[in-house]
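Undergrad: Any chance you could fold what I've pasted below:
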Amino acid sequence: HTDTTMDIRTVRSIMRYSSMPGTSRHHWGTELDLNSTKLEYWRTSEGVRAYKWLSKNASKYGYYQPYNANKERTGYAEEKWHWSYRPIADIYLAAYTQLISEKDIEGFYGSYLVDSLNIISSHVLGVAQ
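TA: Numbers count the residues shown, from 1 in each chain. Predicted structure coming up:
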């Protein structure tokens with residue numbers, strides 16, 4: 001690991017929208033990516049309409065946007081396409097915090113940065129409430 005500073009910048013850039021192995025909520029089966037994961041789509045009239053509908057109605061069906069635009073939230077950038085089924089996701093998040101620690105996230109290039117970047121607290125726990 002000759003250039004840790006460059007590695008940190010690279011990991012932070014990647015983790016704007018992508019997770020490290022062992023940290024993705026999608027593995028829980030509670031997460032959905034809807035319509036498009038391309039930012040451009042959500043700027044189109046169709047994307048704006050879809051997002052307005054989701055924002056107004058998703059909670060009626062148990063869903064919420066974990067990576068919203070709330071500036072108090074940490075971790076990933078806003079993902080208008082990513083919606084979480086709260087009744088189960090909240091249970092899994094609580095279990096994750098009890099069962100998984102930084103030492104469990106290993107075995108891939110960049111895993112040596114998990115502790116220094118506080119990946120669990122900043123990204124796994126950095127969801128909207």
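Undergrad: Could you tell me which residues make contact with His82?
TA: 31-34, 65-67 (Cβ atoms under 8 Å, 6 or more residues apart in numbering). Yep, even glycine has a C-beta here, placed from its N, CA and C like the rest.
Undergrad: Including pLDDT, secondary structure and neighbour count, could those residues go into TSV?
TA: Listed next are these as TSV, based on pLDDT from 0 to 100; DSSP: H, G, I helix; E, B strand; the rest coil; neighbours: other Cβ atoms under 10 Å:
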residue	pLDDT	secondary structure	neighbour count
Glu31	98	strand	18
Leu32	97	strand	13
Asp33	97	strand	11
Leu34	97	coil	14
Gln65	98	coil	21
Pro66	98	coil	22
Tyr67	97	coil	22
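Undergrad: which residues of the protein fall in strands?
TA: 31-33, 63-64, 82-85 (DSSP state E).
Undergrad: Ser24: how many residues sit nearby?
TA: The number of residues packed near Ser24 is 13, by other Cβ atoms under 10 Å.
Undergrad: for Trp42, that is, sorry about that
TA: Look at Trp42: counted by other Cβ under 10 Å, it has 18 neighbours.
Undergrad: do the same with Tyr76
TA: Tyr76 has 19 nearby residues by other Cβ under 10 Å.
Undergrad: residue contacts, the residue nearest to it when sequence neighbours are not counted?
TA: Spatial nearest neighbour of Tyr76, excluding adjacent residues (Cβ to Cβ, 6 or more residues apart in numbering): Tyr67 at 4.7 Å. Taking Cβ under 8 Å, 6+ apart as the criterion, Tyr67 is in contact with 73, 75-79, 82, 127-128.
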